[in-house]
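Novice: what shape does this take:
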Amino acid sequence: MNSLFDILLKKPLSDVSLQGLLFITFTLHMLFVLFTIGTAVLALYYFTHSWGGKRLQELRWDKEILRTFLGHKSLAVVLGVAPLLLIQVRFTVPFFTGLNLVAPFWMLIIPFLIVAFLSFDALGHKMDVHPYLHLAFGIIALIFLLVVPGIFVASLVIVENPEAWLQIVKKDYQLSNSLALHWLLRYLHVLGAAILFGAAFHYFFSTKDEREKKSSLLKWIVAGMLLQFVLGIMLYSSLPEKPDNITNVSLMAGVIAAGLLLWVIFLNLNQNVNLSLKTAVPLLLLILIPMLLARQSIQNRKLFPFAEKLQANALTYGKKLEPYSHEALNQYKLDLKIVYDKGETIYSKSCAFCHGENAEGKGLEAKNLRIPPEDVSAIRTTRPYLHQILIKGVPGSAMPYFTFFDRYKLDGLIDYLNKKYHVVGLPEPIPVKVSEADVQEARKIYAETCSLCHGTDGRGTKLSRGFKPHPPDFTVFSLTPERAFKIVTDGYPGTAMPPFTNIKEDIRWGLVDVVNGKRMR
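Specialist: Numbers count the residues shown, from 1 in each chain. As a prediction, the model looks like this:
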């Protein structure tokens, strides 16, 4: 861990408040996530169950179930924003590290959710298509939807195990066997909970007291709880560390609540009585909340010591910076007063740290760049071409675009550079006398070798336009003969331009003359 980045920042709330809010918002988010996934699974099941016309009604039940999908997924997404914001404030380094380790998959969440949400919404409200097409849409949407909690669970597993980060990187961003097993069981446990809570929701709100539907959903509820029991035991045994007493008590409370709910269900079945909402809701919450409390307790045991270590690193680094803080603040105040209205000021504050105070390409940051900054003092070009470089930057290099400066300020910068270094204009003649034979040889080498990238006219080729950075347009851009000779001789590090030290010196000067001779204006 690089302590240079452990800068202390004031938190908006105390750690206890952040922890409480995180648990509350995550619980609400998780509840509607379970409703969303459970609704999707049940809708697809009851659609296939309705084939053959035996169970079709005026309004198929799978469509009635899917009509709740819009509300569930909207609340799941909205309520999911809060825990994401809170966890990145409470556990900043673990959160962002975990996301970076699963970054390619994390970025897939948005398109996957879009496909799943639009497909299910369409199937529930608009589409009345051939059963096979409906089934295909439903299966694709369900697969895309089920991938998302898998990615979330994987990121949380990584966040909660900072000691495994280096090992994950060394294994080409793959989880170890033990963590992969833990992830799989945890993911399946979420799906089991989705079946339980999705079925319970629709038992009370989508059946209209129709006993056949209620009986069918009770089977799903029982299956979901039994699945939770089995997966819960396996998940408990896969925990990287032995759970503490708080975790065990929370898990036991959830198990007892699940057992009570099963007992109530079987009791009501024997008496041929529907399950009561007032009885079921408290028991369902007593299943969900203790399970999430157990998960929070396990997470805290891993992350609290890590957060304390980060805090200690930040305090240590803060003490190192303290002697310089007054000077840095004063300099910052002075920088705030700078008005970027002159070319010299713009160059000094925005260009010199790479290109150097004397524009020779040897600024303080030059040594850190893969592609060295250009020697601006050696540029000989046109005003429009230089303006385009400033506006668009040089893709593939560290040269950025400067669109935050208006045309007036960029013209001022170009005027300053031209006044000091004569950057706008044609290149000077080469300083040596080259024989006609060497010039002819230089032209031959350019035609046979250089033109492959630079083009016969100096404007580049189809191949080289794909380079990053791509070669300059020799018809409007050139360098002083001395700088051009150095590049022909030594190449340009970090680019496709190779050295040509094997060519005789006079011929290299001839190449400079050939290249600079392509300037049209």
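Novice: can I get stretch 211-219 in CSV, CA atoms only?
Specialist: The C-alpha trace of stretch 211-219 is given here as CSV (Å, rounded to 0.1, in the frame of the first residue of the first chain):
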residue,chain,number,x,y,z
ARG,A,211,-56.1,-21.0,-3.7
GLU,A,212,-54.4,-22.8,-6.7
LYS,A,213,-52.0,-20.0,-7.2
LYS,A,214,-51.4,-19.6,-3.5
SER,A,215,-50.7,-23.3,-3.2
SER,A,216,-48.2,-23.2,-6.0
LEU,A,217,-46.3,-20.2,-4.5
LEU,A,218,-46.2,-21.9,-1.1
LYS,A,219,-44.2,-24.7,-2.7
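Novice: buried ones in that stretch?
Specialist: Residues 213-214, 216-218 are the ones in stretch 211-219 that count as buried (16 or more other Cβ atoms under 10 Å). (Each C-beta comes from the backbone N, C-alpha and C, glycine too.)
Novice: same check on stretch 491-503?
Specialist: Neighbour counts over stretch 491-503 (16+ other Cβ under 10 Å) mark 492, 495, 497, 500, 503 as buried.
Novice: which residue ranges of the stretch 101-250 of the chain form strands?
Specialist: Read by DSSP state E, counting those that start in this stretch, the stretch 101-250 of the chain holds no strands at all.
Novice: ah, wrong one, I meant the stretch 401-521 of the chain
Specialist: Under the criterion DSSP E, counting those that start in this stretch, the stretch 401-521 of the chain contains strands at 477-479.
Novice: which residues in it form helices?
Specialist: Shown for the stretch 401-521 of the chain, the helices assigned by DSSP state H, counting those that start in this stretch span residues 407-421, 436-445, 451-454, 481-490, 505-516.
Novice: equivalent analysis for the stretch 251-400 of the chain, please.
Specialist: Going by DSSP H, counting those that start in this stretch, the stretch 251-400 of the chain shows helices at 277-336, 343-350, 352-355, 383-392.
Novice: other SSEs contacting the second one?
Specialist: Read that as helix 343-350. The helices and strands touching helix 343-350, judged by 3 or more Cβ pairs under 8 Å, 6 or more residues apart in numbering; DSSP states H and E, are helix 407-421.
Novice: now the buried residues of stretch 211-219 as JSON lines including distance to Pro149 and pLDDT?
Specialist: Listed next are these as JSON lines, based on distance: Cβ to Cβ, whole Å; pLDDT from 0 to 100:
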{"residue": "Lys213", "distance to Pro149": "27", "pLDDT": "87"}
{"residue": "Lys214", "distance to Pro149": "27", "pLDDT": "88"}
{"residue": "Ser216", "distance to Pro149": "25", "pLDDT": "88"}
{"residue": "Leu217", "distance to Pro149": "22", "pLDDT": "91"}
{"residue": "Leu218", "distance to Pro149": "25", "pLDDT": "91"}
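Novice: mind putting those into a markdown table with distance to Glu428?
Specialist: Shown next, in a markdown table, are the buried residues of stretch 211-219 (distance: Cβ to Cβ, whole Å):
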| residue | distance to Glu428 |
| --- | --- |
| Lys213 | 90 |
| Lys214 | 92 |
| Ser216 | 89 |
| Leu217 | 87 |
| Leu218 | 91 |
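Novice: from those, which single one is nearest Val33?
Specialist: Closest to Val33 out of the buried residues of stretch 211-219 is Leu217 (19.3 Å), distances taken as Cβ to Cβ.
Novice: give me the pLDDT for the nearest residue to the closest one once chain neighbours are set aside.
Specialist: Distances taken as Cβ to Cβ, 6 or more residues apart in numbering put Tyr203 closest to Leu217, at 4.3 Å, once the chain neighbours are dropped. According to the prediction, Tyr203 has pLDDT 92.
Novice: count of neighbours near Tyr203?
Specialist: Close neighbours of Tyr203, defined as other Cβ atoms under 10 Å, add up to 21.
Novice: contacts only, for it.
Specialist: Contacts for Tyr203 (Cβ atoms under 8 Å, 6 or more residues apart in numbering) come out as 214, 217-218, 221, 275.
Novice: let's see that with 10 Å instead.
Specialist: Residues near Tyr203 by Cβ atoms under 10 Å, 6 or more residues apart in numbering: 213-218, 220-221, 274-275, 277, 280.
Novice: format these as CSV; extra columns: distance to Thr456.
Specialist: Formatted as CSV, the contacts of Tyr203 follow (distance: Cβ to Cβ, whole Å):
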residue, distance to Thr456
Lys213, 78
Lys214, 81
Ser215, 82
Ser216, 77
Leu217, 76
Leu218, 80
Trp220, 73
Ile221, 77
Asn274, 86
Leu275, 83
Leu277, 82
Ala280, 81
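Novice: for those residues, work out which two are farthest apart.
Specialist: Ser216 and Leu277 (18.1 Å).
Novice: just the terminal-to-terminal distance for stretch 478-494.
Specialist: End-to-end distance for stretch 478-494, by Cα to Cα, to the nearest Å: 19 Å.
Novice: mean confidence for that stretch?
Specialist: Across stretch 478-494, the average pLDDT comes to 96.
Novice: buried residues, it. List them.
Specialist: Those would be 478-481, 483-489, 492, for stretch 478-494 by 16+ other Cβ under 10 Å.
Novice: try stretch 428-435
Specialist: Using 16+ other Cβ under 10 Å as the test for burial, stretch 428-435 gives 430, 434.
Novice: ditto for stretch 503-512
Specialist: Buried positions in stretch 503-512, judged by neighbour count with 16+ other Cβ under 10 Å: 503, 506-512.
Novice: check the gap between Leu334 and Ala328 for me.
Specialist: Distance from Leu334 to Ala328, counting by Cβ to Cβ, to the nearest Å: 11 Å.
Novice: also Thr68?
Specialist: Per Cβ to Cβ, Thr68 is found 56 Å from Ala328.
Novice: please apply the same query to Cys354.
Specialist: Distance, Cys354 to Ala328, by Cβ to Cβ: 22 Å.
Novice: do the same with Val148
Specialist: Val148 sits 44 Å away from Ala328, going by Cβ to Cβ.
Novice: tell me which of Thr68 and Ala328 has more neighbours.
Specialist: The residue with more neighbours, out of Thr68 and Ala328, is Thr68; 19 against 10, by other Cβ under 10 Å.
Novice: OK, contacts around that one?
Specialist: With Cβ under 10 Å, 6+ apart, Thr68 has these contacts: 35-36, 39, 43, 124, 198, 201-202, 205-206.
Novice: and the pLDDT at it?
Specialist: Note for Thr68: predicted pLDDT of 88.
Novice: and Tyr408, how many neighbours?
Specialist: Each residue near Tyr408 was counted by other Cβ under 10 Å, and the total is 8.
Novice: His387 is in contact with that one, correct?
Specialist: No - contact criterion Cβ atoms under 10 Å: Tyr408 and His387 do not qualify, at 11.9 Å.
Novice: from Arg90, how far out is the closest residue to Pro94 other than its chain neighbours?
Specialist: Of all residues not flanking Pro94 in the chain, Val159 sits nearest, at 4.7 Å (Cβ to Cβ, 6+ apart). In this view, Val159 and Arg90 are 11 Å apart by Cβ to Cβ.
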